[in-house]
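1. Got a predicted structure here, sequence first:
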Amino acid sequence: MVEAVKAIPVGKVASYGQVALMIGLPRCARHVGHALHYHGEGAPWWRVINNAGRISTTCLEHTALMQKHLLKADGVFVAESLKIDIEKYRYRPTPAELKKLELGDEYIRELIERFLI
């Protein structure tokens, strides 16, 4: 999971569900959030937001305002309401980038259909 989050470039975001698909665990968006919190050392956790395009962290260590600041430093516009235009800033990995994550072809197809087309 950390490698998938590290793949999100500066200036881009991904949803928790998108990251879950990128690691071959569809429908495990909540698990991505928990895993980032407990095992995401060194991963740019602030680039992962909810699919509605909103910062949704409630963590006291990594606050929503901290995430907003980090995203703005990455060049992502974040509204006062903590809303982001997720489609404008969404990371759209190439099939080759997804292959590096050792995903099966069925997951790569689903990612392409959901996020790249």
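-> Structure's in. What do you need?

2. Low-confidence bits of the chain, can you list those?
-> 116-117 (pLDDT under 70).

3. need the strands for it, in chain order.
-> Under the criterion DSSP state E, the chain carries strands at the ranges 14-15, 48-49.

4. any idea which of these is most buried?
-> Highest mean neighbour count among the strands of the chain (mean count of other Cβ atoms under 10 Å): strand 48-49, with a mean of 27. The way it works is simple: take the backbone N, C-alpha and C, and place the C-beta from them, glycine included.

5. and that one, how far from the chain's centre?
-> 4 Å (Cα atoms, centre = their mean, to the nearest Å).

6. Repeat that for stretch 33-40.
-> 12 Å.

7. Now for Ser56: which residues touch it?
-> By Cβ atoms under 8 Å, 6 or more residues apart in numbering, the contact list for Ser56 reads 49-50, 64.

8. ok, these vs Glu97, which is closest?
-> Ile49 (19.5 Å; Cβ to Cβ).

9. hey, what's the closest one bridged with?
-> Beta bridges link Ile49 to Ser15, judged by DSSP bridges.

10. Assess the claim that it and Ile8 are in contact.
-> No - counting by Cβ atoms under 8 Å, Ile49 does not reach Ile8; the two are 10.6 Å apart.

11. Mutual contacts of those two, please.
-> Counting by Cβ under 8 Å, 6+ apart, the common neighbours of Ile49 and Ile8 are Ala14.
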